[in-house]
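> here's a sequence, model it:
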Amino acid sequence: MPSARSSTSSAAASSGRRSPPDAARRDTFVLGAGALGLAWALTTTSAYLPPMLERYTDSTTLVGLVLASEGFVAVTLPLVVGPWSDTFHTPFGRRRPFMLAALGPMGFALALLAFMPSLWTTSLLLIGLFIAYYVYEPPYRGLYPDVLPDRVFGRAQGVQHVFRGIAIGGALIGGGYLFHLWKPAPFLFAAAVVTGACAVPIALVTEDGGQGRVFLGVRTYLAHSWRVLRTNREVATFLGVNAAWEATFAGARTFVVLYVTVGLGEPLSTSTAILAVVAGGYIVAALGAGRIGDRVGLARVIVVASVVYGIGLLAGGLATTWHAWYLALIFVVAVGGGTVMTLAWGLLFKLMPPDERGAISGLATTTKGIGLVIGPLLAGAVIDLLGSTLEQTQGYQALWPLLGVPILLALPFVARLERAERAADSA
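Reported below is the predicted structural model:
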């Protein structure tokens, strides 16, 4: 039986990248549609499932635990799915069979999620959604370096995050109105959007995956992932930083609506306005960050954006009442955060050895899972613990400083990756 490394090497060699500019431009938009679907799914569940869970519990820690189940799935499943997609040779390709298998379960779980009669049945169906999601995502991420040339990694991530921004804005703003009309409506609409958008890369990407289907075994894939992590220092550094970024993002998206409606005592319309500004900042970042990053360096832009992002989150802890002029500050911080999240995977693509793209995509998704566990759980626990101390906001005031610290602590490590990126560009 061939080794994992030899199989992945031959697969990488057989999946030549498209080099014509028109083909690369087309593929950035085709691939971006998948990001729209994935972001719509997670945004809907993270924003509108917590208010629905208030029917069953008033504990933010328990709500955080339910949403953190995403992280528990993401920590484990991608370690197998990612490297498996490197060796899964079929006429339909290596990555797309996994994506196709996940498509129906994602839509089905989203459509039924709001109709579950208890906390436990809701949690079980949510875990099913996350399993399907993380069967889809690592192979989807691996398609980017398979299909696209290096010179457009930054711009491709910019396009992807424009789609993500559209999804975040659509799911939060449109979902808010739908939620007001009928609580299950955002989930039913999301099921349709996610199924349609995630089908686009499956249908339109041209992928040469070979003819011989191979499964090397769970132990082999886990060992291969561990070997990649142990032997590639730059990738390992990125994975640690990625966990910090994802912990902040997950904590924010889980509790932002409750922060506004419970902590600040504002109506849902205020949270809708805030989320619209956040989505706008995210889209602005996605439109400009990729081109700038391709010119001056992705890591360098991430460092500058992280300073704005981290300091802005720390300052958020000073607010105890809402003022409309906060929207301007929120926009600036959203641009910083959107820039970090836009360029992160583009930087990783530059650090990836060509024969280990699936494995490293799986590892990156796993560290995302670590952040998804830590972020909501820690944020929910801190809010519960400080509820009696920070009475004016019922503990929610502590959310933003808590989430800003990981962004600032990651700065020295991103600076190290800047040197690695320059070395990769000159190689």
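
> where do the helices sit along the stretch 151-300 of the chain?
With DSSP state H, counting those that start in this stretch as the criterion, the stretch 151-300 of the chain has helices at 153-169, 175-181, 185-204, 218-231, 233-258, 268-296, 298-316.

> T231: neighbour count?
Counted with other Cβ atoms under 10 Å, the burial measure for T231 works out to 11 neighbours. C-betas here are computed from N, CA, C, even on glycine.

> check it and give its pLDDT.
The pLDDT attached to T231 in the predicted structure is 81.

> just G317 next, same as before
G317 is assigned 89 on the pLDDT scale.

> look up how far V262 lies from it.
16 Å (Cβ to Cβ, to the nearest Å).

> what of L411?
As judged by Cβ to Cβ, L411 and V262 stand 32 Å apart.

> and the two? Which one has more around it.
Comparing L411 with V262 by other Cβ under 10 Å, the one with more neighbours is V262, at 18 against 14.

> so that one touches Q392, yeah?
No: shown here, V262 and Q392 do not form a contact pair, counting by Cβ atoms under 8 Å, at 11.8 Å.

> give me the common contacts of the two.
When contacts are counted by Cβ atoms under 8 Å, 6 or more residues apart in numbering, V262 and Q392 have no shared neighbour.

> so who does the closest residue to A199 other than its chain neighbours touch?
When the adjacent residues along the chain are set aside, A199 lies closest to L103, with 6.1 Å between them (Cβ to Cβ, 6 or more residues apart in numbering). For L103, the contacting residues are A132, Y136, T195, C198, A199, I202, taking Cβ under 8 Å, 6+ apart as the criterion.

> kindly recompute the last result at 10 Å.
G37, A132, V135, Y136, V194, T195, G196, C198, A199, I202 (Cβ atoms under 10 Å, 6 or more residues apart in numbering).

> wait, the fifth one sits on P186?
Yep, that's V194 we're talking about. No: using Cβ atoms under 10 Å as the test, V194 is too far from P186 to be in contact (11.7 Å).

> find residues that contact each of the two.
Contacts common to V194 and P186, judged by Cβ under 10 Å, 6+ apart, are W40, T44, L110, A171.

> between the helices of the stretch 151-300 of the chain, which has the poorest mean confidence score?
The stretch with the lowest average pLDDT out of these is helix 218-231, scoring a mean of 76.

> how far off centre is that one?
23 Å (Cα atoms, centre = their mean, to the nearest Å).

> what do you get for stretch 283-294?
Distance, centroid of stretch 283-294 to centroid of chain: 17 Å (Cα atoms, centre = their mean).

> same check on stretch 304-318?
When distances are taken as Cα atoms, centre = their mean, stretch 304-318 is centred 20 Å away from the chain's centroid.

> do the same with stretch 113-130
Offset of stretch 113-130 from its chain centre (Cα atoms, centre = their mean): 21 Å.

> returning to that earlier point: which two among the shared contacts of V194 and P186 are spaced furthest apart?
Looking at the shared contacts of V194 and P186 by Cβ to Cβ, the two members farthest from one another are L110 and A171, with 11.1 Å of separation.

> find residues that contact each of these two.
Between them, L110 and A171 share these contacting residues under Cβ under 10 Å, 6+ apart: W40, A41, T44, T45, P186, F189, A190, V193, V194.

> of the shared contacts of V194 and P186, which belong to helices?
Assignment to helices by DSSP state H places the following of the shared contacts of V194 and P186 there: W40, T44, L110.

> T270: which of the residues you listed is nearest?
Nearest to T270, judged by Cβ to Cβ, of those is T44 at 19.6 Å.

> what about the closest one, how many neighbours?
By other Cβ under 10 Å, the residues close to T44 number 29.

> not counting residues beside it along the chain, what's closest to it?
In space, T44 comes closest to A190 once its chain neighbours are excluded; the distance is 4.1 Å by Cβ to Cβ, 6+ apart.

> same check, this time on A273
Excluding its sequence neighbours, the residue lying closest to A273 (Cβ to Cβ, 6+ apart) is L327, at 6.9 Å.

> got the buried residues for the host helix or strand of that neighbour?
Using DSSP states H and E, L327 maps to helix 326-351. Within helix 326-351, the residues scored as buried using 16 or more other Cβ atoms under 10 Å are 327, 330-331, 333-351.

> now do the contacts for the closest residue to G337 other than its chain neighbours.
Ranked by Cβ to Cβ, 6+ apart and with sequence neighbours excluded, the top spatial neighbour of G337 is Y309, at 4.5 Å. For Y309, the set of contacting residues under the criterion of Cβ under 10 Å, 6+ apart consists of 245, 248, 302, 332-341, 403-404, 407-408.

> from F187, how far out is the closest residue in space to Y177 that isn't next to it in sequence?
Once its chain neighbours are removed from consideration, Y177 has its nearest residue in T272; the separation is 7.8 Å (Cβ to Cβ, 6+ apart). Computed as Cβ to Cβ, the T272 to F187 distance reads 17 Å.

> those two: which is more packed in?
F187 (24 against 20).
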